[in-house]
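Asker: The amino acid sequence is not available; the structure is as follows:
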């Protein structure tokens, strides 16, 4: 509840954007937090604003159908009674499905390395320049099986976890899993250790739009150690 210029209480019908979504699970050495924070995702765009401080007005905007927009507004109203608004487009990024698979650590082997390809797509098909897509991976397993986070550029040293993708186009990243025999115990070859990896995309710090259910993908890794 705010106060207008005359000191009377008034309400603003205004949607404030939430902060950047933080990935769940293990992120670059972060602890075992398996909670999902979907409260920071963007929602629908408010087409009309009414009853702002220092008076009332309403407006309508022509926006692209099927596109998510956010309104950012200053809480402070200047002396002239002007409310400052910024229209921000929410970007729609999608991570494509990855198949689950099994890994066997043979007798005498100490570890197995597995490279996994991950595809992401810019679902804002009308974007010619495109937007930044970030990709990260988390895991639930007795050991850290992610040795290298998803990398969009294997030539450049270090992990390039973001890339710019044009509207309607896709890009591929490669992540590396390292499964060690010392960290896995399986009673027999009929009872593997089942781990899962979760992939998550974001808009590189920009607001997230579209259907947020396709921002994440989870796949399983069955591990059998024949050294046990």
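Answerer: Yep, it's here. Since this is a predicted model, take the numbers as computed values, not measurements.

Asker: Can you report how many residues neighbour residue 162?
Answerer: Counted with other C-beta atoms under 10 Å, the neighbours of residue 162 add up to 21. C-beta coordinates here come from the backbone N, C-alpha and C atoms, glycine included.

Asker: That one contacts residue 132, correct?
Answerer: Yes - between residue 162 and residue 132 a contact is recorded at 5.3 Å, counting by C-beta atoms under 8 Å.

Asker: so what's in contact with the two at the same time?
Answerer: Counting by C-beta atoms under 8 Å, 6 or more residues apart in numbering, the shared contacts of residue 162 and residue 132 are residue 204.

Asker: What pLDDT is listed against residue 65?
Answerer: What the model reports as pLDDT for residue 65 is 49.

Asker: Check residue 204 too.
Answerer: In this model, residue 204 is scored at 84, pLDDT.

Asker: how close does the residue nearest to residue 99 when sequence neighbours are not counted sit to residue 109?
Answerer: Nearest-residue entry for residue 99: residue 219, 6.6 Å, with adjacent residues in sequence omitted and distances by C-beta to C-beta, 6 or more residues apart in numbering. When C-beta to C-beta, to the nearest Å is the yardstick, residue 219 and residue 109 sit 23 Å from each other.

Asker: Confirm residue 156 sits in a strand?
Answerer: No - when classified by DSSP: H, G, I helix; E, B strand; the rest coil, residue 156 is found to be coil rather than part of a strand.

Asker: Pull the number of nearby residues for it.
Answerer: 9.

Asker: what kind of secondary structure is the nearest residue to residue 149 once chain neighbours are set aside in?
Answerer: The spatial neighbour of residue 149 that comes closest, neighbours along the chain excluded (C-beta to C-beta, 6+ apart), is residue 159 at 5.1 Å. Secondary structure assignment for residue 159 (three-state DSSP): coil.

Asker: Thought residue 137 was touching residue 159, still the case?
Answerer: No - with the criterion set as C-beta under 8 Å, residue 159 and residue 137 do not qualify as a contacting pair; they are 10.7 Å apart.

Asker: And those two? Which one has more around it.
Answerer: When residue 159 and residue 137 are compared on other C-beta under 10 Å, the one with more neighbours turns out to be residue 137, at 26 against 18.

Asker: tell me which element that one is part of?
Answerer: Assigned by DSSP states H and E, residue 137 belongs to strand 131-140.

Asker: Identify the neighbouring strands of that strand in the sheet and state each direction.
Answerer: Applying DSSP bridges to the sheet, strand 131-140 is found paired with strand 162-165 (antiparallel), strand 193-202 (antiparallel).

Asker: can you map out the strands along the chain?
Answerer: Taking DSSP state E as the criterion, the chain contains strands spanning 2-3, 9-10, 69-73, 85-89, 93-95, 101-105, 111-122, 131-140, 146-151, 162-165, 170-180, 193-202, 216-225.

Asker: Just send those back as JSON lines, with distance to residue 208 too.
Answerer: Written out in JSON lines, the entries for those read as follows (distance: least, C-beta to C-beta, whole Å):
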{"stretch": "strand 2-3", "distance to residue 208": "28"}
{"stretch": "strand 9-10", "distance to residue 208": "30"}
{"stretch": "strand 69-73", "distance to residue 208": "9"}
{"stretch": "strand 85-89", "distance to residue 208": "11"}
{"stretch": "strand 93-95", "distance to residue 208": "7"}
{"stretch": "strand 101-105", "distance to residue 208": "29"}
{"stretch": "strand 111-122", "distance to residue 208": "13"}
{"stretch": "strand 131-140", "distance to residue 208": "11"}
{"stretch": "strand 146-151", "distance to residue 208": "18"}
{"stretch": "strand 162-165", "distance to residue 208": "14"}
{"stretch": "strand 170-180", "distance to residue 208": "17"}
{"stretch": "strand 193-202", "distance to residue 208": "6"}
{"stretch": "strand 216-225", "distance to residue 208": "12"}
